[in-house]
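Peer 1: 3D, please:
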Amino acid sequence: MSVVDSYLKKHSEALVKDVGIEAACELTGKSKATLGRYYSGHEEHADRFMPIDAVAALEEAASYPHVTAALAELRGNSLNHDSRRNPNSKGGVNSDVIALSQRFALLMAEYNQSIEDGVITVTEAKRLLRETVALQQVLVDMKLHLEEESV
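Peer 2: Residues are numbered from 1 along each chain as shown. This is a model prediction of the structure:
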């Protein structure tokens, strides 16, 4: 088994253990044995991996997106996990538009303050980056709500 395969299987196991085996079975509709095969290191299960819909269901219930993070790391990327973010909030698009307006106003206020002396310092750039990321998160939430409403 390749190093990549082994790495993905370890993170699949961490995901199942994070959620709990019984809950994982219920969420995915898979048996304990089937879930075990997805992260088994035995040669006969080397080509078995958890389907993406099962990963999505488990990661929604997990404390951390184990498999998604592993895939990102394998590509040289990283995830910025924000436990405060709640894409399943019931506010919907109207709340998202309000949050978007507020975040944009905060970003512009930070920018105005940062550019006042004609130079954006490293500290100011970090504050601008934080506001930009928060604005991006609101946009992602809004996108999810719009997709949910269009179904």
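Peer 1: domain map for this structure?
Peer 2: Domain assignment for the chain by automatic domain parsing gives 3-74, 92-149.
Peer 1: what's the end-to-end length of the first one?
Peer 2: Distances were taken as CA to CA, to the nearest Å; on that basis the terminal residues of domain 3-74 are 11 Å apart.
Peer 1: work out the gap between it and the centre of the chain.
Peer 2: Distance, stretch centre to chain centre, for domain 3-74: 15 Å (CA atoms, centre = their mean, to the nearest Å).
Peer 1: run through the chain and note the low-pLDDT ranges.
Peer 2: Applying pLDDT under 70 to the chain flags the ranges 80-90.
Peer 1: which stretches of it form helices?
Peer 2: Using DSSP state H, the helices found in the chain span residues 3-19, 21-28, 32-39, 52-61, 66-74, 92-115, 122-149.
Peer 1: let's have those in JSON lines, adding distance to residue 45 and mean neighbour count.
Peer 2: Heads up, the C-betas are built off the backbone N, CA and C, glycines and all. Output for the helices of the chain, formatted as JSON lines (distance: least, CB to CB, whole Å; neighbours: other CB atoms under 10 Å):
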{"stretch": "helix 3-19", "distance to residue 45": "9", "mean neighbour count": "18"}
{"stretch": "helix 21-28", "distance to residue 45": "17", "mean neighbour count": "16"}
{"stretch": "helix 32-39", "distance to residue 45": "5", "mean neighbour count": "16"}
{"stretch": "helix 52-61", "distance to residue 45": "15", "mean neighbour count": "16"}
{"stretch": "helix 66-74", "distance to residue 45": "16", "mean neighbour count": "18"}
{"stretch": "helix 92-115", "distance to residue 45": "43", "mean neighbour count": "14"}
{"stretch": "helix 122-149", "distance to residue 45": "34", "mean neighbour count": "14"}
